[in-house]
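Peer 1: generate coordinates for the sequence data below:
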Amino acid sequence: MLGRRTNRFALAAMLAIASIAMTANAQDRKTVSDSAQTINLSDAQVFQIQGLLGSQTRELQSLYVEVQSTREFLETALAENDPARIATAVLALDACEKALENTKRANQRDLLSLLNENQKQILKNYLGKAASSSD
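Peer 2: Have a look, this model is predicted:
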């Protein structure tokens, strides 16, 4: 349960930053929604975040494809009832899923490293409100 909540928090943080990065600039503050606070991103931060999100999206898509392919390999091995292939597929799927989770965490750290402490606090407050309203 805690792992799912942490993953949801990380995903929400990435989505919030991405949404704000695409709509905000230094001169024109915009709100993501009526209940959301705006993170005052500079033009440089917006540019950096957009570039980072582009490369992260490509990397994550590749990992998602790899996970899906490995799941299909496992399903085939299960259908054929081949213990050796099943074991190989389970280990491969576990490695792929761990790589995906590690990449997500690294991507979140990279995104957060572009924010100053005040921006991080605003984001944390926003995500706390969003999490409490979804429970």
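Peer 1: toward the C-terminus, what is the element adjacent to the least confident helix or strand in the chain by mean pLDDT?
Peer 2: When the helices and strands of the chain are scored by mean pLDDT, DSSP states H and E, helix 2-23 comes last with a mean of 53. Per DSSP states H and E, the first helix or strand lying C-terminal to helix 2-23 is helix 43-80.
Peer 1: now the helix or strand just after that next one: buried residues?
Peer 2: Remark: after helix 43-80, the chain's next helix or strand is helix 83-112, criterion DSSP H and E. Buried residues in helix 83-112, counted by 16 or more other CB atoms under 10 Å: 86, 89, 92, 93, 96, 100, 104, 107, 108, 111, 112. Heads up, the C-betas are built off the backbone N, CA and C, glycines and all.
Peer 1: for the protein, which spans come out with low pLDDT?
Peer 2: Counting by pLDDT under 70, the chain contains low-confidence residues at 1-38, 130-131, 134-135.
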